[in-house]
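> Curious how this folds, go ahead:
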Amino acid sequence: MSNGHATPWGLAGAPAFVEVAGVTLHARRDGPLPASGAPTLVYLHSLGTDIRIWDGVVARLPHHSHVRIDLRGHGLSDVPPADYSIPAMTDDVLGLLDLVGLDRVVVVGISVGGQIALRAALERPDVVVGVVALDTAGRIGERAAWDERIAAVRTHGVAAIADATVARWFGPSFRAREPAAVRGYRNLLLRTPPDGYAATCAALRDEDLGLELATITPRALVLCGSEDAATPPGLVRALAASLPDAKYVEIEDAAHLPCIDRPDVVARHIDAFVLEIAVG
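Numbers count the residues shown, from 1 in each chain. This next block holds a predicted model:
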C-alpha cells in the first residue's frame with residue numbers, strides 16, 4: 001500500500017502497512033472480499049492490546065470480510081510523539097479506510113476502540129453504516145485516576161499497572177478456566193510501548209462525546225460484559241440509551257474483554273447485526 005492511492009490488500013492474513021498523515025499503521029485483512037453492497041467489518045482494539053484480541057471473533061465469522069487495525073502506540077503501528085486524542089486516532093482510522101478504498105464499513109470497537117468507532121460514525125456516516133460498541137462509553141473514568149495511571153507507567157513502566165489491568169479485563173471464572181490465556185494476554189499488555197500506553201490513557205482521559213452521542217445517525221449495537229468493572233453495565237447501557245438507534249445486549253460470564261471471554265456470543269451478535277443492516 002502506498003500513501004494517497006487506494007491499493008489492493010494482497011493475500012488475506014498478510015500484514016499490511018499504511019501511512020496516514022505521517023503515522024504508519026498496521027492492518028490485516030481476513031475473509032473474502034466483500035460482496036456487492038456488503039459492509040466490511042473493521043475492528044479496533046482496547047488500551048494495551050492489539051489486533052489479536054479479535055482472533056476468536058474473526059474465526060467464527062468466515063463469511064464476512066474483516067479488517068483489523070493496530071491503533072497508534074500499539075502492536076506494529078508507529079508510536080508517534082504527537083497528539084493521541086480520540087479525534088486524532090479517529091482520523092488515523094478514517095484515513096486508512098480512504099486510502100485502501102473501503103467506503104462501506106461496520107466499525108467494531110472495544111473500550112478506547114469503541115470511542116473511536118463512535119466518533120468515526122459521527123464524522124463519516126457516509127462510510128460507517130453501523131457501529132458495534134463493546135464495553136465503552138462517551139466518557140470513561142475520572143481524570144485523576146487517568147493521571148495516576150499515566151504517572152505510574154511513565155515512572156515504572158507498564159508492569160506497574162499490569163496486575164490491576166488484567167483483573168479488570170477478565171472475570172473470576174475466565175481466570176480460573178483459562179490461566180494460560182490470562183498469562184498470555186498479560187504478556188501482550190507488558191509488551192505495549194509505555195509511551196503509547198500513557199499517551200492513549202491521556203486520550204481516554206480527555207474524551208467526552210457527551211451531547212454528540214445524540215447526533216450519531218448510523219445504527220449501533222452496544223455490548224457489555226456482565227462482570228465489567230472498568231465500564232460497568234449501567235454505564236454502557238446509558239451509552240446505548242443516548243444513541244438515536246441502538247440496541248443494548250449484556251453478555252453473561254464476561255468482563256471488560258468479551259471478545260476474549262465469549263467470542264462465540266460476540267460473533268453471533270455481530271453476525272445478526274450485519275444481516276439487519278444488509279436487509280435495511
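> what helix or strand is Gly48 on?
Per DSSP states H and E, Gly48 falls between elements, in no helix or strand.
> Could you check how far it is from Thr200?
8 Å (C-beta to C-beta, to the nearest Å). Yep, even glycine has a C-beta here, placed from its N, CA and C like the rest.
> Now do the shared contacts for these two.
Applying C-beta atoms under 8 Å, 6 or more residues apart in numbering, one finds that Gly48 and Thr200 are jointly contacted by His74.
> who's more crowded, these two?
Set Gly48 next to Thr200 and count neighbours by other C-beta atoms under 10 Å: Gly48 wins out with 28 against 24.
> which parts of the host helix or strand of Ala88 are buried?
Per DSSP H and E: Ala88 is located in helix 86-100. By neighbour count on 16 or more other C-beta atoms under 10 Å, the buried set for helix 86-100 is 86, 88-100.
> can you list the weak-confidence ranges in the stretch 151-280 of the chain?
Scanning the stretch 151-280 of the chain with the threshold set as pLDDT under 70 gives 280.
> mind listing the helices for it?
For the stretch 151-280 of the chain, applying DSSP state H, counting those that start in this stretch gives helices covering 162-169, 172-177, 179-190, 194-206, 233-242, 258-261, 263-279.
> Show me what counts as buried in the fifth one.
When you say that, I think you mean helix 233-242. Buried residues in helix 233-242, counting neighbours by 16+ other C-beta under 10 Å, are found at Pro233, Leu235, Val236, Arg237, Leu239, Ala240, Ser242.
> Kindly report the same for the longest one.
Taking 16+ other C-beta under 10 Å as the neighbour-count basis, helix 263-279 is seen to contain the buried residues Pro263, Val265, Val266, Ala267, His269, Ile270, Asp271, Phe273, Val274, Ile277.
> With the second one instead?
Within helix 172-177, the residues that qualify as buried are Phe174, counting by 16+ other C-beta under 10 Å.
> ok, now stretch 180-190?
Residues Val182, Tyr185, Arg186, Leu189 are the ones in stretch 180-190 that count as buried (16+ other C-beta under 10 Å).
> could I get that stretch in PDB with only the CA atoms?
Backbone C-alpha positions of stretch 180-190 (Å, rounded to 0.1, in the frame of the first residue of the first chain) are rendered in PDB as follows:
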ATOM      1  CA  ALA A 180      -2.500 -19.800  30.400                       C
ATOM      2  CA  ALA A 181      -4.600 -17.400  28.300                       C
ATOM      3  CA  VAL A 182      -4.600 -14.900  31.200                       C
ATOM      4  CA  ARG A 183      -0.800 -15.100  31.400                       C
ATOM      5  CA  GLY A 184      -0.500 -14.700  27.600                       C
ATOM      6  CA  TYR A 185      -2.700 -11.600  27.500                       C
ATOM      7  CA  ARG A 186      -0.700 -10.200  30.400                       C
ATOM      8  CA  ASN A 187       2.400 -10.700  28.300                       C
ATOM      9  CA  LEU A 188       0.700  -8.800  25.400                       C
ATOM     10  CA  LEU A 189       0.000  -5.900  27.800                       C
ATOM     11  CA  LEU A 190       3.600  -5.900  29.100                       C
END
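> Quick check: phi and psi on the closest residue to Thr215 other than its chain neighbours?
Distance criterion C-beta to C-beta, 6 or more residues apart in numbering; nearest residue to Thr215, sequence neighbours excluded, is Leu122 at 6.6 Å. The phi and psi torsions at Leu122 (degrees, to the nearest 10) take the values phi -70, psi -40.
> In contact with Leu122, which residues?
Counting by C-beta under 8 Å, 6+ apart, Leu122 has contacts Leu209, Glu212, Thr215, Ile216.
> Quick one: end-to-end distance for stretch 44-60.
Using C-alpha to C-alpha, to the nearest Å, the end-to-end distance of stretch 44-60 comes to 17 Å.
> how about it: buried residues?
44-54, 56-58, 60.
> Show me those residues that map onto strands.
Per DSSP state E, strands hold the following members of the buried residues of stretch 44-60: Leu44.
> Provide a list of residues in contact with Ala145.
Counting by C-beta under 8 Å, 6+ apart, Ala145 touches no other residue.
> and the angle for the helix or strand it falls within with helix 162-169?
Per DSSP H and E: Ala145 is located in helix 143-156. For helix 143-156 against helix 162-169, the angle by axes from the mean of the first three to the mean of the last three C-alpha atoms, to 10 degrees is 140 degrees.
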